[in-house]
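Colleague: sequence unavailable; structure follows:
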């Protein structure tokens, strides 16, 4: 899915082994995918950005071809703090003490946590199609429970969601793509096949559930501890005008509560911005990260 001039490597961090592809030259730009996908979500945008940046596209721990560490009762190994630490160590391994980062969906939540935990490392950050986790849980209503039902399904204990998803993971994943995207959205066949290959592994299904269990527990503890802190670096907020986030939140109004310097807009798409609106996302990222 990525061009030949992108190199595939595997980097061992203190808590996982991270699979990634990288290519291009210039300032370092880390791109983080979301659920239930892999780094392949960037397949259209990364080659374009590589003309101006050194683009790094990892699989988050628990996803794609990255390792799936054993979890613990408090779900810390799948906390956004642990996942952010992986990325800091990956970028250090590649020789970068400071970098740009853009994240979609779960990757955006890792981006948010990374900007809080490691402000000296993040020059600028972009988050796509999310409201902050703490805000979402504190403002739960029927609309959220309907649109984000998976948040409450995936956190159920004792292997319940794992068993149900595992009965037909390809159906579950393709339904997610269909239900969260705008009408007539088209996903590349090769990308969908790659998502299904990775998501069909029982270890991936379990790890992704642990990601959501952490979000509903230890991540909220970390957010409560940082309730008086804001992200200090410039942030670009992008979201799909045909998606749940646009329908239910004053997106920039919400993010003003969590970050000091924000800008952003809705794009003409659903949830999966990098695949539904790659040209628009590319231009927004180029303008934001390429400007002083």
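Modeller: Alright, I've got the coordinates. All figures in this text were calculated on a predicted structure; none of them were measured in a lab.
Colleague: in a helix, residue 260, correct?
Modeller: No: under DSSP: H, G, I helix; E, B strand; the rest coil, residue 260 falls outside any helix and is assigned strand.
Colleague: ok, now which ones touch it?
Modeller: Contacts for residue 260 (C-beta atoms under 8 Å, 6 or more residues apart in numbering) come out as 230, 231, 232. Heads up, the C-betas are built off the backbone N, CA and C, glycines and all.
Colleague: separation between it and residue 232?
Modeller: For residue 260, the distance to residue 232 equals 6 Å [C-beta to C-beta, to the nearest Å].
Colleague: name the residues that touch the helix or strand of the chain with the lowest mean pLDDT?
Modeller: One helix or strand of the chain scores below all others by mean pLDDT, DSSP states H and E: helix 142-147, with a mean of 93. Outside helix 142-147, the residues that touch it by C-beta under 8 Å, 6+ apart are 136, 151, 152, 244, 247, 248.
Colleague: could you redo the last one with a cut-off of 7 Å?
Modeller: Where contact means C-beta atoms under 7 Å, 6 or more residues apart in numbering, the residues beyond helix 142-147 that reach it are 136, 152, 244, 248.
Colleague: residue contacts, the last one?
Modeller: By C-beta under 7 Å, 6+ apart, the contact list for residue 248 reads 143, 144.
Colleague: quick revisit: what's the closest of the contacts of residue 260 to residue 188?
Modeller: residue 231 (32.6 Å; C-beta to C-beta).
Colleague: distance check, the closest residue to that closest one other than its chain neighbours against residue 229.
Modeller: With sequence-adjacent residues excluded and distances taken as C-beta to C-beta, 6 or more residues apart in numbering, residue 231 is closest to residue 259, at 3.9 Å. The gap separating residue 259 from residue 229 is 10 Å, by C-beta to C-beta.
Colleague: where along the stretch 151-292 of the chain do the strands fall?
Modeller: Under the criterion DSSP state E, counting those that start in this stretch, strands of the stretch 151-292 of the chain are mapped to 231-240, 259-267.
Colleague: make TSV from those strands and add distance to residue 199 and mean pLDDT to it.
Modeller: As requested, the strands of the stretch 151-292 of the chain are exported to TSV (distance: least, C-beta to C-beta, whole Å; pLDDT from 0 to 100):
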stretch	distance to residue 199	mean pLDDT
strand 231-240	22	98
strand 259-267	25	97
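Colleague: redo the ones you listed as a markdown table? Include distance to residue 94.
Modeller: Conversion of the strands of the stretch 151-292 of the chain to a markdown table gives the following (distance: least, C-beta to C-beta, whole Å):
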| stretch | distance to residue 94 |
| --- | --- |
| strand 231-240 | 20 |
| strand 259-267 | 26 |
